[in-house]
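**Q** Just a sequence and a predicted model for now, questions to come.
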Amino acid sequence: MTTQSNYDLSREGSIVIDQMKGEINPIVEARHMMSQTILSHILLGLSDAGFYEYISQHSRFKELDAVEALNLDAFTFNAICEYLLGCGIFVKVNDDYELTSKGQRVFNVYTRGVVNVYLGGYHAVLEALGSVLKKDFPLNSNTLERSTKHAAAGTAHLTAPFTIPDVFDVIQGNSATTCLDLGCGTGDFLLQWVLQSYDHHGVGIDMSSEALAQARDTAQRWGVEDRLSFIEAEIGPDPLQIDDELVEKVDFVTSMYMLHEFGRGGHGAIVDVIKALKQKLPGRRLLAVEVEEIHPETFAKVQGEKSHFGRLDYRIIHQLSGQGLPRSQDKWHSILRDADCDIVEPGKKSGGSFIYVGAM
């Protein structure tokens with residue numbers, strides 16, 4: 001094992017000096033990497049504190065006004081504002097702060113989604129990697145569980161610009177009006193769905209009472225509580241615990257990045273869940289959104305300077321959290337067929353994901 005005593009810092013320092021003579025300066029590269037890490041933590045903190053909602057209504061604001069409106073710690077918020085000012089995200093106009101064009105790109109729903117999913121949702125496991133590698137405790141330790149609150153909110157945010165509009169197109173192409181959303185979380189997808197048309201209704205199922213309480217509150221604030229129902233129940237290989245009266249109203253079932261979670265138990269575990277859905281909701285169509293499969297070696301060969309590591313990030317996060325690797329289209333087709341579903345949509349490409357539809 002490498003220890004400080006046999007690690008020649010003088011030699012390592014010389015290597016850095018030599019590398020600085022190359023095309024890419026490793027000092028600048030390292031500093032950029034750390035600055036992005038710090039910025040990501042700041043953005044997540046601001047998201048948790050409600051600042052994204054505030055800045056959407058106040059593109060120009062006074063620091064003390066934001067502190068009072070959101071009940072923030074003044075010292076911490078001041079330090080953050082000054083940091084963002086230095087990063088070129090804020091600009092000072094007299095005594096006010098205002099978003100720059102760079103700031104507008106940072107404070108968008110997609111960026112918020114990314115930091116919520118990865119940094120917020122999987123912070124525990126990422127922070128503990130050294131201890132896991134040293135076998136201080138196992139990767140499946142309860143202390144490393146994801147934050148479902150951040151993961152659900154982040155998924156809703158980062159799918160809003162691209163994937164969800166494509167999902168709406170598919171659903172409406174199947175003449176559906178009432179959706180049952182599996183693992184609905186705080187109900188963000190269903191809210192977007194019913195706001196599309198007064199004819200749209202939705203039913204959400206989730207095992208988190210906290211998430212469902214927020215979903216009901218959001219529905220009430222938007223004035224659509226009469227068109228949305230939320231049920232606390234567990235989704236699995238047993239038939240859904242949902243009233244027959246609601247079942248009769250449902251004509252479409254959606255699953256956003258959820259079915260793969262049953263992949264912990266292998267191919268058959270996902271098949272059993274879909275069979276249970278079919279038993280309770282025969283004749284309906286099931287729409288599943290899942291990230292496409294990626295092979296790291298192939299990915300490295302086609303990586304361009306302006307591309308990103310998004311699918312690679314998703315892959316390792318799901319490995320570390322025990323959810324298994326993303327599956328190929330052929331594997332999802334096999335799952336649907338084994339669950340006795342006819343494949344209606346074999347995989348509509350939407351960003352780095354595919355939208356599948358099976359007739360149950």
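**A** Here it is on my side, so go on.
**Q** so residue 115 makes contact with residue 45?
**A** No: look at residue 115 against residue 45 with Cβ atoms under 8 Å: they stay out of range, at 9.5 Å. From N, CA and C alone the C-beta is placed, and that goes for glycine too.
**Q** Just give the closest residue to residue 239, not the sequence neighbours.
**A** Nearest residue to residue 239, sequence neighbours excluded (Cβ to Cβ, 6 or more residues apart in numbering): residue 280, at 4.7 Å.
**Q** Now for the one you found, how many residues are close by?
**A** For residue 280, the tally of surrounding residues (other Cβ atoms under 10 Å) stands at 18.
**Q** before we move on, what about the one 4 residues further on?
**A** One way to gauge burial is a neighbour count; for residue 284, by other Cβ under 10 Å, it gives 21.
**Q** And it, how far from residue 194?
**A** To residue 194, residue 284 is 18 Å away according to Cβ to Cβ, to the nearest Å.
**Q** re the thing from before, more crowded one of residue 115 and residue 45?
**A** Each of residue 115 and residue 45 has its neighbours counted (other Cβ under 10 Å); residue 115 has more, 24 against 16.
**Q** Now for that one: which residues touch it?
**A** Residue 115 sits next to 40, 43-44, 47, 154 when contact means Cβ atoms under 8 Å, 6 or more residues apart in numbering.
**Q** before we move on, what about residue 323?
**A** Listed by Cβ under 8 Å, 6+ apart, the contact set of residue 323 reads 260-261, 263-264.
**Q** Could I get the pLDDT score of it?
**A** Residue 323 is assigned 82 on the pLDDT scale.
**Q** go on, residue 299?
**A** In the predicted model, residue 299 carries a pLDDT score of 87.
**Q** State the helix or strand in which it lies.
**A** Element membership for residue 299, per DSSP states H and E: helix 296-302.
**Q** Which other helices and strands does that helix contact?
**A** With contacts taken as 3 or more Cβ pairs under 8 Å, 6 or more residues apart in numbering; DSSP states H and E, helix 296-302 sits against helix 310-320.
**Q** Skip ahead from the helix it packs on and say which helix or strand is next.
**A** Next helix or strand after helix 310-320 toward the C-terminus (DSSP H and E): helix 329-338.
**Q** sorry, back to before: what's the closest of the contacts of residue 115 to residue 70?
**A** residue 47 (11.8 Å; Cβ to Cβ).
**Q** Pretty sure that closest one sits in a helix.
**A** Yes: checked against DSSP: H, G, I helix; E, B strand; the rest coil, residue 47 lies within a helix.
**Q** Under the pLDDT cut-off, which ranges of this protein? List them.
**A** Scanning the chain for pLDDT under 70 picks out 1-5, 305-306.
**Q** Scan it for its longest strand.
**A** Ranked by number of residues, the top strand in the chain under DSSP state E is strand 342-350.
**Q** buried ones in it?
**A** Neighbour counts over strand 342-350 (16 or more other Cβ atoms under 10 Å) mark 344-345, 347-348, 350 as buried.
**Q** and if you look at stretch 236-246?
**A** Residues of stretch 236-246 classed as buried: 237, 240, 242, 246 (neighbour count, 16+ other Cβ under 10 Å).
**Q** State the distance spanning the first to the last residue of it.
**A** 19 Å (Cα to Cα, to the nearest Å).
**Q** Sounds good, over and out.
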